[in-house]
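A.B. asks: A structural model of the following input is requested.
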Amino acid sequence: MAALLADSGLPGLPPTPPEPKAAKPRQPGRAHDLIRKGVPQADLNVGGTRAVYKALVSTAMGFQQANPPMQWEEWYGYLISPESRLGQQARLDKRRDIGKARHDRLLKKAWDQARGNIERDPPFTHDDVVARALALLDEVAAAPWSATPFPADKIVYMFALAEAARRGFTHPALSGRTVSEGTGVPHRTCARSLDRLRDAGLLRKDSAGARTRRPEHRIGVLDTAPRGDP
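C.D. replies: This next block holds a predicted model:
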């Protein structure tokens, strides 16, 4: 816990900004997963083609926001691959194949909308995330905790903010074990705290990506989740 206090500005110490560093190369891992797995059947049953289109826009934004940005040809190539469940879903409208020409127009529309979304509301940069996470960390440390009835939740939330600031990333990979190792709070307590923080809207859990088994948790106020409504 002492290392966390020193590095992250937990109770009693002001936040210490990380050393400036260049943004690391970043690949759209969750976008790759969604392209490969497609829209879950439950979401497809509810949203139909709209859910598929929203997923297309989301993956296109992931590719365009990669570091370095990935291009249309790469995204298109993934979606027309036989291994792409999302690409297959995009070929269907009421279970009928829409044909290659219409499919290509749909993909181009999603790609262009993704670019427009990013231009209207640019994603946080590495420095933006660091500054916002540290400001919120300072605010949470100084104020009485009222978001949940459990004091341990404050420590876990502050650890999540500290990780976001350390990495310059809005959705650090966290698990009960990871948080326990960083804070000294028992593993099961941390796991329950993560659940409560999600229920309170302070964190949002994403499934584990292709490169890590740990789930990623978006920080609610830092969340820049892609939009995909047509």
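A.B. asks: all strands for the protein, in order.
C.D. replies: Ranges of strands within the chain are 92-93, 96-97, 203-206, 216-219, based on DSSP state E.
A.B. asks: low-confidence ranges, this protein, go.
C.D. replies: 1-28, 206-230 (pLDDT under 70).
A.B. asks: quick one, domains of it?
C.D. replies: Here the domain assignment for the chain is 2-20+125-222, 29-120, based on automatic domain parsing.
A.B. asks: kindly reformat those as JSON lines containing mean neighbour count.
C.D. replies: Heads up, the C-betas are built off the backbone N, CA and C, glycines and all. Output for those, formatted as JSON lines (neighbours: other CB atoms under 10 Å):
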{"stretch": "domain 2-20+125-222", "mean neighbour count": "17"}
{"stretch": "domain 29-120", "mean neighbour count": "17"}
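A.B. asks: residue 38 is in contact with residue 88, correct?
C.D. replies: Yes. Applying CB atoms under 8 Å as the test, residue 88 and residue 38 come out as touching, 7.0 Å apart.
A.B. asks: contact partners for the closest residue to residue 90 other than its chain neighbours?
C.D. replies: In this structure, residue 90 finds its nearest non-sequential neighbour in residue 52, 5.5 Å apart by CB to CB, 6 or more residues apart in numbering. If a contact means CB atoms under 8 Å, 6 or more residues apart in numbering, then residue 52 has 39, 44, 86, 89, 90 as its contacts.
A.B. asks: quick one: which of those is nearest residue 151?
C.D. replies: Nearest to residue 151, judged by CB to CB, of the contacts of residue 52 is residue 39 at 39.4 Å.
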